[in-house]
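1. how does the following fold in three dimensions:
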Amino acid sequence: MSVEILKQYFQIEPETSFLDGKYFRYLKEGKLYTLVPVTHMKEDVLVELYLMAEHLSRQGDRNVSTFCASKDQKFLITHQEEDYVLLLNAYTRVPSKRNLGRKLAKFHRRGRSIEVQIQHTSSIGQWKIYWEKRLEQLEKVWYQVVQENPNNEFDHMFVETFPYYMGMCENAIQYLVDTELDEETFDIDAGTVCHERFNNEVWGNRMWIRNPFDWVFDHASRDIAEWIRHQYFKKSKSFLPDVQTFLEDYQGVTPLSNFSWRLIFARLLFPLHYFECVEQYYLTNSEKQHKQLEERLHKYKRDSTEYESFLGTFYRLMGRDPSIWNIPEINWFNIST
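-> Just a heads-up that it's a prediction; the model follows:
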């Protein structure tokens, strides 16, 4: 059906197609097209994603997906009561040397210069609200599981671990509030184009693409923290050299302020990995996913002391001595030596 839509609305007959991550890509005369279903997305959000993509493209990012107009000069088309947009990219393979820290810093720098006001896709200043809401929702689920009596291994682990992670969440919220009250902000702390969850795969494993539907407007620390979190849980025994190199490369373009460092730490302190694991478990009916999530929660529970140690030494591991930079630390962590 996707090929039919390309022909009917955009007069494009692709030469070939291939699966790249979660999308099918269509190739025509050296150009890459990606059809994205957007039926349940608000128009205001689509407009802002379009504006951010256009801005980054004008600023010189050659890998940003831009919105492709139909033959009727419309960016949003409706086919059989479903809405779609078509994204256009140059055919660019992932480079052998990614230099992801440096490239992310340049991406953020371009995003900061956008002049239109971004509202509907913005999370700037909203972390506390989001975190409190997620905590409240998960606490309700916890009470429900307790009252109904845990009837499987995941339920038992959730009931046992939630009070610990609730305490960690409350610490993260307080650390965030103190940061926003205490720290001076600079130009680099302005909002920019970020990603929902930035990691090594977001820009592609096969094609080098910046997809607007991965984006949110936020503080740059969001992307840095989520990349560090992903690396930590991907290879917790050997993550440090990659993270140090990533941060060195990033700061070679944009040095981080104390405010940025503290937001990174606050975000890592907020146990997003735990929340997502539990939320996914209770939202899916897939037995396969249930088993995978049960194993993941077991790993988080087993290795919680190691993650505490990582957080307790985070600033020093990253070359930012708190005593020199006047950064407050949290003193309850179990720091192993």
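
2. list the buried ones in the helix or strand harbouring Val145?
-> Using DSSP states H and E, Val145 sits within helix 127-148. For helix 127-148, burial by neighbour count (16 or more other Cβ atoms under 10 Å) applies to 127, 131, 134-135, 138, 142, 145. No exception for glycine: its C-beta is placed from N, CA and C like everyone else's.

3. also stretch 307-324?
-> 307-312, 314-315, 318, 320.

4. and what of stretch 92-105?
-> Those would be 100-105, for stretch 92-105 by 16+ other Cβ under 10 Å.

5. among those, which are located in helices?
-> 100-105 (DSSP state H).

6. quick check, nearest of those residues to Ile224?
-> Nearest to Ile224 out of these is Leu104 (Cβ to Cβ; 7.6 Å).

7. give me the buried positions along stretch 298-306.
-> 300, 304.

8. separation between Glu201 and Arg98?
-> 11 Å (Cβ to Cβ, to the nearest Å).

9. what is the mean pLDDT for the helix or strand hosting Gln231?
-> Taking DSSP H and E as the definition, one finds Gln231 inside helix 221-234. Averaged over helix 221-234, pLDDT sits at 97.

10. show me what the next helix or strand after that helix is packed up against.
-> Note on helix 221-234: by DSSP H and E, the next helix or strand toward the C-terminus is helix 240-253. Using 3 or more Cβ pairs under 8 Å, 6 or more residues apart in numbering; DSSP states H and E as the contact test, the elements touching helix 240-253 are helix 100-112, helix 221-234, helix 314-317.

11. picking up where we left off before, quick check, nearest of the buried residues of helix 127-148 to Phe162?
-> Nearest member of these to Phe162, counting by Cβ to Cβ, is Trp142, at 4.6 Å.

12. the nearest residue to that closest one once chain neighbours are set aside and Asn326, how far apart?
-> Once flanking residues are discounted, Trp142 sits nearest to Phe162: 4.6 Å by Cβ to Cβ, 6 or more residues apart in numbering. Note on Phe162: its distance to Asn326, by Cβ to Cβ, is 34 Å.

13. these two: which is more packed in?
-> Phe162 (21 against 9; other Cβ atoms under 10 Å).
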